[in-house]
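> I'd like to go over a predicted model; first the sequence, then the structure.
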Amino acid sequence: MAVASEAACRRAASCFFEVGRQEIGSSTPRASSRRISGSEGLVMRMHQYGKLRGHDGCVNTVSFNPAGNLLVSGSDDMDIILWDWLAKTQRLIYPSGHQENVFHARVMPFTDDSAIVTVAADGQVRVGQLNEGGEVTTKQIGVHDDRAHKLAIEPGSPYIFYSCGEDGLVQHFDLRNDSPMKLFSCYSFSNSRRRVRLNTIAIDPWNPNYLSIGGSDEYVRVYDLRRIQLGASNDMNQPVDTFCPKHLMGGKVHITGIAYSYAREILVSYNDEHIYLFQNNMGLGPNPESTQAEFLDRLEQPQAYTGHRNFRTVKGVSFFGPNDEYVLSGSDCGNVFVWRKKGGELLRMMHGDKSVVNCIEPHPHFPFLATSGIDKTVKIWTPSANKVMSLPKNAKQIIASNKRAREIDASRPELTLSSDLIMHVLRLQRRQSELYREHEPATADLASDDDESFFAGFDDANRNGLANDATRGTQILMIRAGKIKRLGLKSVTTYLDSVVNQECYWVFSSHV
């Protein structure tokens, strides 16, 4: 029975793909997609086509090449794999050259799939050049002073792309040049000395002069690249518009994912909040801090998409369908959530990971999906189910659990950590790192990837000493990071070192 089901899935995927290959020659890929995959019935038949196995760590990025026949993935293992996803086989695997977890990898268009650009936790921006005979050369072409999370490729360009990182810097790359151009650094509206740690960047598909970024505060910032003045002060390089739901202004939220629709709508995913869809007329202007209350009262509020949870990791968000009819996101509950864009109705919850789904990548032309997360595998989804799939029977319980966990975390008091306290934690961790490694649990014991609260090796005496050093009653630094636990104490130390160097006081959550 399993063999028959596998064969049916493969036939369904092959059918779509082969029809697309024939039609793309006589019309644009998007026109073919509309004719073939414009039915909601296909979304309701989405089914897991298969798993791609090859990485030895969490898979943090998946993306299709422009033609859609190949998939590129990157992982905590720092390898890049190029997949023939339809055949579920590896086309090529190579070491990225990064020294830490790869966060994003993209195939540059119009390069015959020979140029793959990547960013990672080491802050490096690299390009892998695929040569004849399967040889791959990689080189660093830029760097951020902190972790670099995301790339944005200029539509249709084989050379130009942008990067952002936790140093707040946005950089412009041209593969024909030797060095990148530092465009601007993003600063808080309320404190001109505090940089915004950037998680995501996206380019308007209809006008690549417009670029949106989001990070460690509540505002999406839209920039007109034609107005950027290199070397100018932060005041000179203001965004042309900003977006945020009115009720989140002044709140302790941040942005993990941004996506543009082909209608130029902006889709935004907030950490431990909801997903929101902004129309062009919902902007707050260049500086939301100066927006008048009367204007906010008249402003139309965005459509919200709810039920999932985006807390434990940095998650992307995406549109799906030939006319962007659907909204997609991963969730901490291990499911892929699919909403109807208009009205926000939840249509599907598809189990995509034992723990957390982070990455959602639609096929560029047809109704296929690639997803990944804490697991070491990439999942491929096609409309191959024999019947229309409904929400799971326990959907209400899952949604209620996500909501309850959000409310519990929101009710906890915020920890404020002084630099002395953080350095004290580092000293304790370094003294006990060897002891921790000797008693580190086996890999099998951590297979569930639970992101449970965990204290970094403190005995009672050390906890008491830490409490005496703490200010305002802070008793201990608690790290919610299943991934850091798996990697060992050295990773915690490295992570805290980077934070201390920037004098940022955070309650840490994992990033995959």
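Looks like it arrived, so ask away. Numbers count the residues shown, from 1 in each chain.
> bridging residues for Val143?
On the basis of DSSP bridges, Val143 is bridged to Gln124.
> mind starting the numbering at 625 from now?
That works, and once the first residue is 625, the last one we named lands at Val767.
> Quick check, it in contact with Val749.
Yes. In terms of Cβ atoms under 8 Å, Val767 counts as a neighbour of Val749; the distance is 6.6 Å. The way it works is simple: take the backbone N, C-alpha and C, and place the C-beta from them, glycine included.
> Could you check which of those two has the larger neighbour count?
Neighbour comparison, Val767 and Val749: the larger count goes to Val749, with 24 against 18 (by other Cβ atoms under 10 Å).
> any idea how far the more buried one lies from Tyr786?
To Tyr786, Val749 is 10 Å away according to Cβ to Cβ, to the nearest Å.
> residues shared between the contacts of these two?
Overlap between the contact sets of Val749 and Tyr786, as judged by Cβ atoms under 8 Å, 6 or more residues apart in numbering, is given by Leu775, Gln795, Phe797.
> which element is the first one on?
Element membership of Leu775, judged by DSSP states H and E, is strand 772-777.
> Between strand 772-777 and whatever helix or strand comes next after that strand, find me the angle.
Next in sequence after strand 772-777, counting helices and strands by DSSP H and E, comes strand 784-789. Interaxial angle of strand 784-789 relative to strand 772-777 (axes from the mean of the first three to the mean of the last three Cα atoms, to 10 degrees): 160 degrees.
> Reformat the shared contacts of Val749 and Tyr786 as TSV; add distance to Ser942 and pLDDT.
TSV is the format used below for the shared contacts of Val749 and Tyr786 (distance: Cβ to Cβ, whole Å; pLDDT from 0 to 100):
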residue	distance to Ser942	pLDDT
Leu775	15	98
Gln795	24	97
Phe797	23	98
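> Domain map for the protein?
810-929, 1043-1126 (automatic domain parsing).
> Just name the shakiest helix or strand of the protein by mean pLDDT.
Here the helix or strand of the chain ranked lowest by mean pLDDT, DSSP states H and E is strand 1077-1078, holding a mean of 32.
> Return the distance of stretch 824-836 from the chain's centre.
Its chain's average C-alpha position is 17 Å from that of stretch 824-836, according to Cα atoms, centre = their mean, to the nearest Å.
> and stretch 863-871, what's its mean pLDDT?
Per-residue pLDDT over stretch 863-871 has a mean of 96.
> between the host helix or strand of His728 and strand 772-777, how many degrees?
Counting by DSSP H and E, the element that carries His728 is strand 726-731. Counting by the same axes, to 10 degrees, strand 726-731 lies at 10 degrees to strand 772-777.
> which residues touch the helix or strand that comes right after strand 726-731?
Under the assignment DSSP H and E, the closest C-terminal helix or strand after strand 726-731 is strand 739-744. With contact meaning Cβ under 8 Å, 6+ apart, strand 739-744 is reached by 696, 698, 702, 704, 706, 720, 722-732, 749-754, 768, 771-775, 777, 782, 785, 787, 789, 797, 799.
> Would you mind checking these for buried ones?
696, 698, 702, 704, 706, 720, 722, 725-732, 749-752, 754, 768, 771-775, 777, 782, 785, 787, 789, 797, 799 (16 or more other Cβ atoms under 10 Å).
> circling back: now do the strand holding His728: which elements does it pack against?
When contacts are defined as 3 or more Cβ pairs under 8 Å, 6 or more residues apart in numbering; DSSP states H and E, strand 726-731 packs onto strand 683-688, strand 695-699, strand 703-708, strand 739-744, strand 772-777.
> again, only this time at 10 Å
For strand 726-731, the packing partners by 3 or more Cβ pairs under 10 Å, 6 or more residues apart in numbering; DSSP states H and E come out as strand 683-688, strand 695-699, strand 703-708, strand 739-744, strand 748-754, strand 772-777, strand 784-789, strand 822-827.
> got the angle between it and strand 683-688?
Going by the same axes, to 10 degrees, strand 726-731 makes 10 degrees with strand 683-688.
> Relative to strand 726-731, what are the paired strands and their orientations?
Under the criterion DSSP bridges, strand 726-731 sits next to strand 739-744 (antiparallel) in its sheet.
> Show the low-confidence segments of this structure, by residue range.
625-662, 857-859, 1037-1136 (pLDDT under 70).
> Could you rerun that using 50?
625-628, 642-644, 646-651, 1042-1043, 1058, 1060, 1065-1136 (pLDDT under 50).
> Can you tell me how far the residue lying closest to Pro926 once chain neighbours are set aside is from Ser836?
Closest residue to Pro926 apart from its sequence neighbours, by Cβ to Cβ, 6 or more residues apart in numbering: Tyr900 at 4.1 Å. According to Cβ to Cβ, Tyr900 and Ser836 sit 13 Å apart.
> Name the residues contacting each of these two.
Val844, Phe867, Ile890, Val892 (Cβ atoms under 10 Å, 6 or more residues apart in numbering).
> mind listing what the second one touches?
It refers to Phe867. By Cβ under 10 Å, 6+ apart, the residues touching Phe867 are 836, 838, 842-846, 879, 882, 890, 892, 900, 902-904, 906-908, 912, 926.
> If I take the strand holding Leu775 and strand 748-754, what angle do their directions form?
Counting by the same axes, to 10 degrees, strand 772-777 lies at 50 degrees to strand 748-754.
> Out of the shared contacts of Tyr900 and Ser836, who's the most crowded?
Going by other Cβ under 10 Å, Val892 tops those with 27 neighbours.
> Moving along the chain from whatever helix or strand that one lives in, name the first helix or strand you hit.
Element membership for Val892 (DSSP H and E) is strand 890-894. Note on strand 890-894: by DSSP H and E, the next helix or strand toward the C-terminus is strand 899-902.
> who touches Glu889 in this structure?
Residues in contact with Glu889, defined by Cβ under 10 Å, 6+ apart, are Ala883, Leu901, Phe902, Gln903, Asn904, Met906, Pro926, Gln927, Phe943, Asp948, Lys965.
> Show me these that map onto strands.
Among the contacts of Glu889, the members found in strands (DSSP state E) are Ala883, Leu901, Phe902, Gln927, Phe943.
> Tell me the one of those nearest Glu1031?
Gln927 (22.4 Å; Cβ to Cβ).
> That closest one - nearest residue in space that isn't next to it in sequence?
Using Cβ to Cβ, 6+ apart and skipping residues adjacent in sequence, the residue nearest Gln927 is Leu901, 4.3 Å away.
> quick one: the one you found and Asp798, what's the gap?
Taken as Cβ to Cβ, the spacing of Leu901 relative to Asp798 amounts to 32 Å.
> who has more neighbours, these two?
Neighbours per residue (other Cβ under 10 Å) separate Leu901 from Asp798, with Leu901 holding more: 23 against 15.
> which residues touch that one?
With Cβ under 10 Å, 6+ apart, Leu901 has these contacts: 883, 885, 889-892, 926-929, 941, 943, 948, 951, 963, 965-966, 968.
> Now the buried members of these.
Buried by 16+ other Cβ under 10 Å: 883, 885, 889-892, 926-927, 929, 941, 943, 948, 951, 963, 965, 968, out of the contacts of Leu901.
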